[in-house]
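# quick one, fold the following:
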Amino acid sequence: MDTNKIDVLLKAVENGSLLTTAGQLGYTQAGLTHMMKSLETELGITLLVRGKFGIRLTEEGQRLLPLFENLVSANEKIIREAELIRQQNNSVIRLAAVASVIRTWLPDVISAFQKQHPEYAFELKEGDFSIYKWFDQGRVDLCITCNILNRRDFEPLMTDEFFACLPPDYPIGENEVFPIKRFEDESYISATCGEDYDIQELLDEYDVHPKKQNTRVDDASVISMVSKGLGVSLIPKLVLDSSRADIKAVPLDMPCTRRIGIIHGKSKDMSPGMKLFIKFLKQWFQND
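Numbers count the residues shown, from 1 in each chain. As a prediction, the model looks like this:
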C-alpha cells in the first residue's frame, strides 16, 4: 500500500477540504481526487463523504483512521532513521511551538544554541491544539506550548501574564487596572481559530461570561479588530509583544496567567541533540 496516499488522506481529513489540501501539497484538485478514489478502490471501501461543507471520513474510514495514523507514523520513523544513518554527524531537532513563542523568544534560543552546537539543525512547525497530536504521532520530538490538556508530561518553563486588550481610545486611566468582570459589559472578541482553551479556563475560574462576537480568527486578527474599536479581548503578554497594533494593554484586577512549557519523550529515547537542547532551554530561563 502506498503510504503517500494515506498521508495525503490524513492531511485532507485534517483540513476538511480536498481543494485546500491540493493547494498545500502541489496537486491539482482532480489529481488529488483521483488519488483518493484509487485508494478507495484498492481497499474496496468508501473512505470519504463529500458535502457542501467539505469532506469527512465515513464510518469505515473512522475505523481505519488509527491504523492509517500508525502506518504513516511508522513510515516516517523508517525514513527518519534511514536519514540519520546516512548523515551520522548531522542531527535534526523536530520542534513544534505555539505562534506567540515562535514570534518572540524562540528564535533567540535557537540562534544561541546553534552558535554552541552548529552540528544540529531544526525542523520547526507552528501550531496550536494540533501540536499535541503531532507529538503523540511522533511527527515532532518536542512541543513548546501552554498546558491546555493538563498533561502529566508537561514541564513549565515560564509564566505568561494576561492583559485586557482595549481600543486606543478606551476610557481608562494610565495606572488603572481593568476589572475582569467588565468583559461581560463589552463586546468581546475571541481568538476561536486557535481554540483559546486557556483563556476560557480563566474566564470560567472567575465566573466571567462575556458576550462573544461570532468570529473565527487568530490572535493577530483579534488585536487588529480591537485596534479598530470593534471590541475588547483578553490576550497574553507573549502575543502582545509580537504585535505592533495600536491598542491599550491594561493589567487586570485579578491574577490571570498561563504557563508555557515543554513536552518531550523519555530521556532514554531522546537523541543527544534533543537532550542538549532541552538542557540549554531550561538554563536559558533559569538565567533569565
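
# show me where the stretch 101-250 of the chain has strands.
Here the stretch 101-250 of the chain has its strands, by DSSP state E, counting those that start in this stretch, at 120-126, 142-146, 154-166, 187-188, 211-212, 233-236, 248-250.

# comparing the ones you listed, which gets the lowest mean pLDDT score?
Per-stretch mean pLDDT for those is lowest at strand 211-212 (a mean of 82).

# so what touches that strand?
Residues external to strand 211-212 that are found in contact with it (C-beta atoms under 8 Å, 6 or more residues apart in numbering): Glu184, Glu186, Ser187, Tyr188, Ile189, Ser190. Every residue, glycine included, has its C-beta placed from N, CA and C.

# now the first one: how far from Asp207?
Which is Glu184. According to C-beta to C-beta, to the nearest Å, Glu184 and Asp207 sit 10 Å apart.

# neighbour count: those two, which is higher?
Between Glu184 and Asp207, counting by other C-beta atoms under 10 Å, Glu184 is the more crowded of the two (14 against 9).

# contact partners for that one?
So Glu184 contacts Val208, His209, Pro210, Lys211 (C-beta under 8 Å, 6+ apart).

# and the gap between Ser224 and Gly231?
11 Å.

# between those two, who's got more neighbours?
Ranked by neighbour count (other C-beta under 10 Å), Ser224 and Gly231 place Gly231 first, with 22 against 17.

# from the rest of the structure, what touches stretch 59-68?
Ile6, Leu9, Leu10, Val13, Leu43, Ile45, Thr46, Leu47, Leu48, Leu57.

# for the last one, which non-adjacent residue is closest in space?
The shortest distance from Leu57 to any non-neighbouring residue, by C-beta to C-beta, 6 or more residues apart in numbering, is to Val13 (5.8 Å).

# my guess is Arg139 meets Ser73, correct?
Yes: the pair Arg139 / Ser73 is scored as a contact, 7.4 Å apart, by C-beta atoms under 8 Å.

# more neighbours: which of these two?
More crowded of Arg139 and Ser73, by other C-beta under 10 Å: Arg139, with 19 against 14.

# show me what contacts Pro236?
Contacts of Pro236 (C-beta under 8 Å, 6+ apart): Ser100, Asp160, Glu161, Phe162, Phe163, Asp198, Arg258.

# can you flag the buried ones in those?
Neighbour counting by 16 or more other C-beta atoms under 10 Å classes Ser100, Asp160, Phe162, Phe163, Asp198, Arg258 among the contacts of Pro236 as buried.

# A strand includes Leu95, no?
Yes: using DSSP: H, G, I helix; E, B strand; the rest coil, the assignment for Leu95 is a strand.

# Ile263 contacts Thr145, correct?
Yes: shown here, Ile263 and Thr145 form a contact pair, counting by C-beta under 8 Å, at 6.9 Å.

# which one's more surrounded, the two?
Set Ile263 next to Thr145 and count neighbours by other C-beta under 10 Å: Thr145 wins out with 25 against 21.

# excluding its backbone neighbours, what's nearest that one?
Computed as C-beta to C-beta, 6+ apart, the closest residue to Thr145 that is not its neighbour in sequence is Val98, at 5.2 Å.

# before we move on, what about His117?
Leu276 (6.1 Å).

# and that neighbour, what is it in contact with?
If a contact means C-beta under 8 Å, 6+ apart, then Leu276 has Phe113, His117, Tyr120 as its contacts.

# what distance do you get for it to Ser91?
To Ser91, Leu276 is 9 Å away according to C-beta to C-beta.

# got it, and Pro236?
In this structure, Pro236 and Ser91 are 32 Å apart, going by C-beta to C-beta.

# shouldn't His209 be in contact with Asp185?
No: between His209 and Asp185 there is no contact under C-beta under 8 Å: 11.1 Å.
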